[in-house]
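Asks: could you look at this predicted model? Sequence included:
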Amino acid sequence: MSGFVFSEKPISIERGEGVYLYDTNDTEYLDFGASYACTPVGHCHPEVVEATTDQVERLMYVQASYPNAPRTALYEQLADVAPGDIDNVWLCNSGTEANEAALKFSRHATGRSKIVATMQAFHGRTMGTLAATWKDEYKEGFGPLAGDVEFVPYGDSEAMAEAVDEETAAVIVEPLQGEGGINPASTEYLQAVRETTEDAGAAMILDEIQTGLGRTGTLWAADAHDVVPDVLTTAKGLGSGLPIGATLVKDWIAEDCGNHGSTFSGGPVVTAAAGATLDVIERENVPAHAAEVGDYLVDRLDDALGDEVREVRGEGLMVGVEVKRGANPILRDLAIDHQILALPAGRSVVRLLPPLTVEREHADEVVDALEAIIA
């Protein structure tokens with residue numbers, strides 16, 4: 001049986017352009033999920049397509065021990081835009097791998113084993129990242145997982161300070177929880193985590209797999225909170241949908257990161273796509289656009305839905321609408337009756353993660369549809 005891991009939806013997607021997807025019947029869908037934030041500059045952006053096509057015709061793959069122009073350029077580009085003094089880049093194929101590397105690098109560099117993570121966190125599905133992920137349903141039947149992981153309430157700086165000790169290798173935290181329900185952290189909390197880890201000699205890992213690349217209104221969520229972690233991870237939209245992730249680290253981590261690798265680390269095709277994606281994000285000031293449209297979307301949702309929902313929350317174009325009943329029936333109605341694709345975040349949150357190029361009129365369309373369904 002093919003495709004048995006995924007439950008397939010009754011919509012077969014054939015092509016995409018900008019903020020729209022089209023099924024095999026050429027029905028147009030407004031994409032407000034971006035396949036979990038994987039298309040920040042829209043589907044099939046011409047510059048990304050051109051860079052990828054040119055590289056495919058020149059060289060599809062060579063391993064990372066041989067320097068290659070698009071890979072080298074991406075190393076430099078990511079180091080240039082990373083927060084503060086994060087200057088070292090390791091490339092991989094996904095967010096899970098980026099976080100797995102972050103945990104391994106931190107343990108090796110500190111010589112410690114304990115990892116502190118937060119309740120409701122999601123960091124991946126490999127054995128290491130799964131151990132640092134909160135929800136039991138992701139872990140069922142896969143144990144025993146990597147040990148020495150302690151969970152503390154998200155947003156509670158006192159609980160974090162109590163958990164981090166001289167045995168702690170790293171704290172891994174999302175600046176805004178995605179799978180956990182679109183839960184933002186305060187600046188005070190993230191700065192307190194930074195101070196706590198520094199005092200203990202532990203690494204602060206900021207998981208920006210979903211929040212990064214302009215999603216929350218700045219290139220990195222870290223920028224908005226004036227926090228420079230020891231390790232920052234990114235993936236999802238980095239390659240405009242092609243599989244690539246990156247673990248960005250400070251010197252002290254890079255200098256003692258241990259023996260780690262990946263056959264497909266930074267392949268020429270995906271790094272060409274990632275470089276072009278970053279070029280568009282920076283040149284067109286996409287994060288600022290996401291901040292402006294995101295604020296507009298949240299205000300409109302608040303005005304239109306009011307008491308009909310529990311809460312509207314988020315930052316930039318990472319928005320959650322916590323409803324009073326299950327999210328999945330609403331998502332089904334959005335897709336079937338209104339041709340709008342969105343995502344769940346847990347059982348009761350409708351998650352909106354559109355391409356960062358959406359405009360106000362697209363936000364209006366989504367709000368009107370949700371109002372018709374919910375109110």
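Replies: Cool, got the structure. Numbering: from 1, shown residues only.
Asks: can you map out the strands along the stretch 101-250 of the chain?
Replies: 114-118, 149-152, 168-173, 176-177, 183-184, 203-207, 231-234, 245-249 (DSSP state E, counting those that start in this stretch).
Asks: verify the stated contact: residue 214 with residue 294.
Replies: No: the pair residue 214 / residue 294 is not scored as a contact, 10.3 Å apart, by C-beta atoms under 8 Å. C-beta here means a position set from N, CA and C on the backbone, and glycine is covered the same way.
Asks: neighbour count for the two, which is higher?
Replies: Neighbours were counted for residue 214 and for residue 294 using other C-beta atoms under 10 Å; residue 214 has more, 27 against 24.
Asks: leaving out chain neighbours, which residue sits closest to the more buried one?
Replies: In space, and not counting its chain neighbours, residue 214 is closest to residue 287: 3.5 Å by C-beta to C-beta, 6 or more residues apart in numbering.
Asks: the one you found contacts residue 221, doesn't it?
Replies: No: here residue 287 does not reach residue 221: they are 10.2 Å apart, not a contact under C-beta under 8 Å.
Asks: about what we covered before: common neighbours of residue 214 and residue 294, please.
Replies: The contact sets of residue 214 and residue 294 overlap at residue 316 (C-beta atoms under 8 Å, 6 or more residues apart in numbering).
Asks: picking up where we left off before, can you list the strands of the stretch 101-250 of the chain in TSV and add mean neighbour count, distance to residue 94 and mean pLDDT?
Replies: Formatted as TSV, these follow (neighbours: other C-beta atoms under 10 Å; distance: least, C-beta to C-beta, whole Å; pLDDT from 0 to 100):
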stretch	mean neighbour count	distance to residue 94	mean pLDDT
strand 114-118	25	19	98
strand 149-152	18	20	98
strand 168-173	26	16	98
strand 176-177	24	19	98
strand 183-184	20	23	97
strand 203-207	30	13	98
strand 231-234	29	10	98
strand 245-249	28	5	98
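Asks: quick one: closest of these to residue 339.
Replies: strand 176-177 (27.9 Å; C-beta to C-beta).
Asks: what packs against that closest one?
Replies: strand 183-184 (3 or more C-beta pairs under 8 Å, 6 or more residues apart in numbering; DSSP states H and E).
Asks: show me what the strand it packs on is packed against.
Replies: Other elements packing on strand 183-184 under the criterion 3+ C-beta pairs under 8 Å, 6+ apart are strand 176-177, strand 309-315.
Asks: can you list the strands that the last one pairs with?
Replies: Strand pairing for strand 309-315, determined by DSSP bridges: strand 318-323 (antiparallel).
Asks: which of residue 287 and residue 221 has more neighbours?
Replies: Using other C-beta under 10 Å as the criterion, residue 287 and residue 221 rank with residue 221 on top: 29 against 25.
Asks: can I get the strands of the stretch 101-250 of the chain in CSV with distance to residue 86?
Replies: Listed next are the strands of the stretch 101-250 of the chain as CSV, based on distance: least, C-beta to C-beta, whole Å:
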stretch, distance to residue 86
strand 114-118, 20
strand 149-152, 24
strand 168-173, 15
strand 176-177, 19
strand 183-184, 22
strand 203-207, 10
strand 231-234, 6
strand 245-249, 5
